[in-house]
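Undergrad: Need the 3D shape of this:
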Amino acid sequence: MKTTVMLKDELVKQAKELSGESNLSGLLNACLADWVARHSQKEIDSRLEREYRAGKAESQRMSRQFASVDEEGWPSW
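TA: This next block holds a predicted model:
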């Protein structure tokens, strides 16, 4: 895809030095790939957190349901 963008010269210079990319297309593709990877990871982390919280709530609910069984006087080994 071709497009026209305005970039700050100093940022481009610093980014090229840090990335090792020799041309602007390579630099921009590397930056976009990194951005996508970071945001994909954020989505994965968000989903894992939601599932963890749902599992924690289910575990607490089950613990409450079985609390009466825990109090039935079973021998402690």
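Undergrad: average pLDDT across the host helix or strand of residue 44?
TA: For residue 44, the host element (DSSP states H and E) is helix 24-65. In this model, helix 24-65 carries a mean pLDDT of 89.
Undergrad: could you say what helices and strands that helix packs with?
TA: The criterion is 3 or more CB pairs under 8 Å, 6 or more residues apart in numbering; DSSP states H and E, and the helices and strands that helix 24-65 contacts are helix 9-19. (C-beta placed from N, C-alpha, C; glycine too.)
Undergrad: what sits up against the helix it packs on?
TA: Helix 9-19 is contacted by residues 21-22, 24, 26-27, 30-31 when judged by CB atoms under 8 Å, 6 or more residues apart in numbering.
Undergrad: how about a cut-off of 10 Å?
TA: Surrounding helix 9-19, the residues in contact under the criterion CB atoms under 10 Å, 6 or more residues apart in numbering are 7-8, 21-24, 26-28, 30-31, 34.
Undergrad: Dump those into CSV; add neighbour count and distance to residue 61 as well.
TA: Shown next, in CSV, are the contacts of helix 9-19 (neighbours: other CB atoms under 10 Å; distance: CB to CB, whole Å):
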residue, neighbour count, distance to residue 61
7, 11, 53
8, 9, 54
21, 16, 52
22, 9, 58
23, 9, 57
24, 13, 55
26, 13, 53
27, 18, 51
28, 16, 50
30, 14, 47
31, 13, 45
34, 11, 41
